[in-house]
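Undergrad: Sequence and predicted model, in that order:
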Amino acid sequence: MQSYDHKEIEKKWRKVWEEQKLDEVDPAKVENGFYCLDMFPYPSGEGLHVGHWRGYVLSDYFARYYRLQGKTVLHPMGFDAFGLPAENAAIKNKSHPKEYNAKTIPVFINQLKAIGAMYDWTKTIDTSDPGYYKWTQWLFLQFFKHGLAEKRNSWVNWCPKDQTVLANEQVVNGCCERCGMKVTKKQLSQWYLKITDFAEELLDGLETLEWPENVKLLQKNWIGRSDGAYVVFHADKVSLKVFTTRVDTLFGVTSLVLAPEHPDVENVTTKEFQNSVLQYVEQSKERTELDRQKNTDQTKTGVFTGGYALHPLTHKQIPIWVADYVLPNYGTGALMLVPAHDERDYEFAKGHQIPTLPVVESADDLPYEGDGKLVNSGIYDGLESIEAANKIAKDLEARGIGGPTVNYRLRDWLVSRQRYWGAPIPIVYDPEGTPHAVKDEHLPILLPTDVDFQPGGESPISRSKEFRARAEQLYGKGWHFETDTLDTFVDSSWYYLRFLSPDDQSRPFDPKLIAKWLPVDLYIGGIEHAILHLLYARFVYRFLVRHEYIKIDNPEPFQKLFNIGMVGLNGAKMSKSKGNIVSPDPLVEHYGTDALRGYELFLGPMENSLDWNPRGINGVHRFLIKLYSLTSKVSNDSNDDQESLFDQYLTKINAMMKDFRLNTVLSEAMIFVNSLNSSKAVNKTVLERLVVTLSPAFPFISEELWADLGHKESVFLTHWPKSFGTANSVPKVKILIDQKFIDEIDIDENMTEEKLLKLIKDMPQFSQKLGGQEIKRTIYKKGELLNIITRG
RNA sequence: GCCUGGGUGGUGGAAUGGUAUACACGAUCGACUUAAAAUCGAUUGUCGCAAGGCAUGCGGGUUCGACUCCCGCCCCAGGCACCA
């Protein structure tokens, strides 16, 4: 069998494609655009492994497929180059993160080029480039100008190892998303973007998206809408507002409980209890969120404040407690304690001799959390929970002491970071300390270079003399810049807009091009960004649409999302530190780019995470050799069988492609090639059409075969093939006797059951099985099967 | 604890309610070769010489027919986790 020289072919076509600028697109000149986007990578020094390849091969497959469908495909690539990894690597190597990136990015680009993907390299962006982060700073200022960026003093997540605050989304199981260190709490003044203003539309917008259901669900749960009511309780000096989803249990309240961080704790605490309350509050400050959460199964701690509030309906005196199982950041940071109908409240009450007062008719078990008829609830007795809740909420509203409300679990996005390698937050403080937006003409606020960027709990930039001098020079004596930098997720929240006009010096993006190209038609990346990046980007885009920076009907940036599964080795995630990285390089060297691309797709369903099997690539390689050898028996003689086989193949793969089932697309291709391989001659047109269908997966060998078949132009300038229009094969009927498959026969589509049965009885393979047995019954599905039952 | 997905050969995995195990990998045997690699051919769920049984995590159910639908368990992965 004739082999083929993959190195020769790759070299040849790579050059031709580059010369013809086949992958370059001018977004302004296109009417039928298709925006195919990969989640852009951080250009790590670890290099690409076979797991990274998978996502890039997948996006390239569809980029090429849609090009063959007649679309002009924009497929850009850029680098999320700001952030901790570059900074930490630089600290370790005693170099500058900028130098580190300058070294790693070209290596990274070469590795990406090895994939043979049709990236438009004229549109590359680097988020750490001043030409880019100028506009990241501009973006922040737009939030500031609309009152959606705010500096707030509050308790924040703090990573003691990375020496920086973290957004809520970056705390995983109480630990730092990056380094795994236990996250502690710190009270700091930090910048927030008010994503909670968009909670409802971010939730509603999910319904319009063609995203995997599990990702939509993750976002839905993260946003965490809960419908309930607020209720106001009056105490001596203050009124306390609580949020509840069970306002029907209002008559069962036996206490109010405040979070230790609640601002009114000292206002309700009596002299007598001052010491114990103060001590408790101090003590809970020292506990990390994780410690507080771990308490779940133990007795809940808390102290009595000595204060009382008036129940709004019964006018009873309700004691006020402080307990750290009450979260300061959810609802109002205070809750009404209903031990009879809430498990956590029950547990707390039990440990502190607080009475339990059932108000919903129930089984004897306490706590009972279900719905039911109300008891001990005055005029509401006898009503069902839902009815009662509605009525009570309305009555409270009428009296101005409560009412229906919606609460979200989502919290505002903390964007300040006490690290060096990011975009400086473009805020300048006057001598009194009031924040002002940096003037547009001063953007970008460049990162100072005269600093040692060892993290020290405070932003390293604050140590820059030049940075201090710059502020005074631009704004006057006593003025100073904000010294924190922006979370890198701000950089990546808008990069997909920049790809359309990456070199525009005058504005961050071109609204006209955005109206033309957005939303992104296909977005491919890992599931790890299900909440972080994908939620932030939706928020930023919706902000830009709401305030008409972009005029577009659909306020969602990514219409269709596909999550590529991760590739591990022996059950572990690949990483340099574990030393288990499988490099694509030797595989490309030995089997060729096409073989590795095909194997990545053939491994299994694209959304599945799986373990790398180093051996299987052989199969794809053999397939390519077989495919290549078909050229030696090309014939112009028409061949009905091959045309019909092609049509069946095409119908199958067209359907499979819609569901991203590329592993079975390749299986079908293998079946078809195996069958052609066993023929003496292969019809030229059939082979041509086959080659086109294989070109998205195997661009190099397809281009070579296409040229061999006499074509002067690239295979990627042709169109996805149509069927030969062969009749959809002869109708076949499967014959089963007693549920067991015997044979398949060709018959007239409209044959009646009687005629068919008669026919069968005369055919030896069936008559033998049937013997003389009595036919009890039959099941006949026209054009499909006949099941003959002789038993039972 | 709650919410999602999953559980099919030695392995990755196929199967609009209709021949379970496609397509590959690996393995075994054979051909070619001085030999090896590559390549080609055969076999490959399991028990059985065979006929034929038995097998899609476990137990039930619906159906002429269930990997597929329903009910109850078990296990694995991911997410959330005192969210009032």
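TA: Cool, got the structure.

Undergrad: show me what contacts the residue lying closest to residue A:32 once chain neighbours are set aside?
TA: Excluding its sequence neighbours, the residue lying closest to residue A:32 (C-beta to C-beta, 6 or more residues apart in numbering) is residue A:71, at 5.4 Å. Every C-beta, even on glycine, is put in place using the N, C-alpha and C of the backbone. Contacts for residue A:71 were tallied using C-beta atoms under 8 Å, 6 or more residues apart in numbering; they are A:32-34.

Undergrad: ok, now with 10 Å
TA: With contacts defined as C-beta atoms under 10 Å, 6 or more residues apart in numbering, residue A:71 is in contact with A:30, A:32-36, A:63, A:65, A:521.

Undergrad: Nearest to residue A:776, out of those residues: which one, please.
TA: Nearest to residue A:776 out of these is residue A:65 (C-beta to C-beta; 51.6 Å).

Undergrad: how far away is that closest one from RNA strand B?
TA: Between residue A:65 and RNA strand B the distance, using C-beta to the nearest atom of the strand, to the nearest Å, works out to 19 Å.

Undergrad: got a pLDDT number for the residue of the stretch 501-650 of chain A found nearest RNA strand B?
TA: Using C-beta to the nearest atom of the strand, the single residue of the stretch 501-650 of chain A nearest to RNA strand B is residue A:619, 2.3 Å away. Per-residue confidence for residue A:619 comes out at a pLDDT of 94.

Undergrad: quick one on the thing from earlier: could you check the distance from the residue nearest to residue A:32 over to RNA strand B?
TA: Taking C-beta to the nearest atom of the strand as the criterion, residue A:71 is separated from RNA strand B by 27 Å.

Undergrad: which of the contacts of residue A:71 sit farthest apart?
TA: Comparing the members of the contacts of residue A:71, the greatest separation, given C-beta to C-beta, is between A:30 and A:65, at 17.5 Å.

Undergrad: how much space is there between residue A:543 and residue A:683?
TA: With distances defined as C-beta to C-beta, to the nearest Å, the gap from residue A:543 to residue A:683 amounts to 57 Å.

Undergrad: ignore the last one, residue A:165
TA: If you go by C-beta to C-beta, the gap between residue A:165 and residue A:683 works out to 66 Å.

Undergrad: give me phi/psi at residue A:777?
TA: Its backbone dihedrals place residue A:777 at phi -160, psi 170, with angles given as degrees, to the nearest 10.

Undergrad: My read is that it contacts residue A:757, right?
TA: No: look at residue A:777 against residue A:757 with C-beta atoms under 10 Å: they stay out of range, at 11.6 Å.

Undergrad: tell me, what's touching these two both at once?
TA: Common neighbours of residue A:777 and residue A:757, counting by C-beta under 10 Å, 6+ apart, are residue A:788.

Undergrad: how about the strands in the stretch 251-400 of chain A?
TA: Listed from the start of the chain, the stretch 251-400 of chain A has strands (DSSP state E, counting those that start in this stretch) covering A:255-258, A:303-310, A:317-322, A:334-337.

Undergrad: from those, which stretch is densest packed?
TA: Highest mean neighbour count among the strands of the stretch 251-400 of chain A (mean count of other C-beta atoms under 10 Å): strand A:255-258, with a mean of 26.

Undergrad: That strand and RNA strand B, are they touching?
TA: No: Strand A:255-258 lies apart from RNA strand B when judged by C-beta under 7 Å from any atom of the strand; the minimum separation is 8.2 Å.

Undergrad: Quick one: list the elements packing against that strand.
TA: With contacts defined as 3 or more C-beta pairs under 10 Å, 6 or more residues apart in numbering; DSSP states H and E, strand A:255-258 has these neighbours: strand A:225-235, strand A:239-244, helix A:265-268, strand A:303-310, strand A:317-322, strand A:334-337, helix A:343-351.

Undergrad: For those, give me a markdown table that also has mean pLDDT and distance to residue A:85.
TA: Converted to a markdown table, those look like this (pLDDT from 0 to 100; distance: least, C-beta to C-beta, whole Å):
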| stretch | mean pLDDT | distance to residue A:85 |
| --- | --- | --- |
| strand A:225-235 | 94 | 35 |
| strand A:239-244 | 96 | 40 |
| helix A:265-268 | 94 | 41 |
| strand A:303-310 | 95 | 44 |
| strand A:317-322 | 96 | 41 |
| strand A:334-337 | 96 | 41 |
| helix A:343-351 | 91 | 40 |
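
Undergrad: ok, now how distant is residue A:462 from residue A:323?
TA: As defined by C-beta to C-beta, residue A:462 lies at a distance of 38 Å from residue A:323.

Undergrad: Tell me how many other residues crowd residue A:26.
TA: Using other C-beta atoms under 10 Å as the criterion, residue A:26 is surrounded by 10 other residues.

Undergrad: Pretty sure it sits against residue A:516.
TA: No: the pair residue A:26 and residue A:516 does not pass the contact test of C-beta under 10 Å, sitting 11.8 Å apart.

Undergrad: Give the buried residues for stretch A:102-110.
TA: Of all the residues in stretch A:102-110, those buried under the rule 16 or more other C-beta atoms under 10 Å are A:104-105, A:108-109.

Undergrad: From these, pick the one nearest RNA strand B.
TA: Looking across the buried residues of stretch A:102-110 and measuring by C-beta to the nearest atom of the strand, the closest to RNA strand B is residue A:108, at 25.9 Å.

Undergrad: Just confirm that closest one is within a helix.
TA: Yes: with DSSP: H, G, I helix; E, B strand; the rest coil as the criterion, residue A:108 is located in a helix.

Undergrad: Spit out the contact partners of it.
TA: Neighbours of residue A:108 in contact, by C-beta under 10 Å, 6+ apart: A:41-48, A:52, A:77, A:79, A:81, A:101.

Undergrad: any idea how far it is from residue A:131?
TA: Looking at residue A:108 against residue A:131, where the rule is C-beta to C-beta, the gap reads 19 Å.

Undergrad: ditto for residue A:27
TA: 18 Å.

Undergrad: Same check on residue A:513?
TA: From residue A:513 over to residue A:131 (counting by C-beta to C-beta), the distance is 18 Å.
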